[in-house]
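# Provided below are the primary sequence and the corresponding predicted coordinates.
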There are 2 protein chains.
Amino acid sequence: MWLQLMFMLSKTCEYALRAMIYVAQQSRNGKVVNIKEISENIDSPELFIGKILQGLSKQGFLKSSKGRYGGFFISEKDAKTSLADIIIAIDGDKMFKGCGVGLAYCSDINPAPFIMNIKQLGV
Amino acid sequence: MWLQLMFMLSKTCEYALRAMIYVAQQSRNGKVVNIKEISENIDSPELFIGKILQGLSKQGFLKSSKGRYGGFFISEKDAKTSLADIIIAIDGDKMFKGCGVGLAYCSDINPAPFIMNIKQLGV
DNA sequence: AGATATTAAGATATTTTTATCCTATTTAAA
DNA sequence: TTTAAATAGGATAAAAATATCTTAATATCT
């Protein structure tokens, strides 16, 4: 069974994931994509996603080539990266720790995904 | 079965939930608590949580009393408020909509809690 | 009535996140 | 070799989130 996690990601991280997924798709077809194309397809500010990918590229999550017909691409090997690793690279691992509410029953051993339902304050 | 949701809340929202839970606990013992006590117990900036509770109080999530021996408290009725309502009051409902990654398979009908596991870019 | 302790409210300050600008460097095609 | 198109990198700007300050209003105790 899959554990369903719903995240609130930073804009930066959201753009990054969308971009990485888009580049990965294109790379499977052997295509190198430039920032303009990426930003148009994932609906993000062009220069901003440029900066983000520049950073991810430095960290080795994808490759870039400069110059005419340059752009970004993801090798078969890099495509094995889990989305979680990208999230951690950008937003850090705070998301995977603690429950965000800081109740007593949250700990490292029981990192308390915040049980939400119909739980009321008074119970 | 309970659905497990793990959130990244804004600081404001995190403080708010912790404060509300603390006040609710104290109110069950008939105790009115002031900002200083609250901030010490939930580890938040005193003036900041003051502002936050001031807002929640205006919206009717809890009661306040001014003057000496004043403070905040939550009636039995108000204690029925769900944490989700407080989150929405502060962070809005964006958290309950969309998947944050904006993939094609996310929609209003299928609001795609972000399936996370070992999913890889390349699959 | 006076002193003290509390929330209310508006203004302001600080920090972080998001976004843009400008110039340099690189590459390929003409 | 020149030109055009692309990323790299550093600086800056704008917006949003977080935090604090100051004064006013209110309530309680003596």
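Thanks, I have the structure now.

# mind exporting the helix or strand hosting A:Cys13 as CSV, just the C-alpha atoms?
Element membership of A:Cys13, judged by DSSP states H and E, is helix A:11-28. Output in CSV follows, covering the C-alpha atoms of helix A:11-28 (Å, rounded to 0.1, in the frame of the first residue of the first chain):
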residue,chain,number,x,y,z
LYS,A,11,7.5,27.7,-5.3
THR,A,12,11.1,27.1,-6.0
CYS,A,13,10.7,23.4,-5.3
GLU,A,14,7.5,23.1,-7.2
TYR,A,15,9.0,24.7,-10.3
ALA,A,16,12.1,22.5,-9.9
LEU,A,17,10.0,19.3,-9.8
ARG,A,18,7.9,20.2,-12.8
ALA,A,19,11.0,21.2,-14.7
MET,A,20,12.9,18.1,-13.9
ILE,A,21,9.9,15.9,-14.9
TYR,A,22,9.6,17.8,-18.1
VAL,A,23,13.3,17.6,-19.0
ALA,A,24,13.3,13.9,-18.1
GLN,A,25,10.4,13.3,-20.5
GLN,A,26,12.1,15.2,-23.3
SER,A,27,15.4,13.5,-22.6
ARG,A,28,13.9,10.1,-23.1
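
# what's the following helix or strand after it?
Immediately after helix A:11-28, counting by DSSP H and E, sits helix A:35-42.

# list the buried ones in that next one?
Residues of helix A:35-42 classed as buried by neighbour count (16 or more other CB atoms under 10 Å in any protein chain shown): A:35, A:37-39, A:42. From N, CA and C alone the C-beta is placed, and that goes for glycine too.

# then stretch A:84-97?
Neighbour count says stretch A:84-97 has A:84, A:86-87, A:89-91, A:95 buried, by 16+ other CB under 10 Å.

# tell me what the helix holding A:Cys13 is packed against?
When contacts are defined as 3 or more CB pairs under 8 Å, 6 or more residues apart in numbering or on different chains; DSSP states H and E, helix A:11-28 sits against helix A:35-42, helix A:46-58, strand A:71-73, helix A:83-91.
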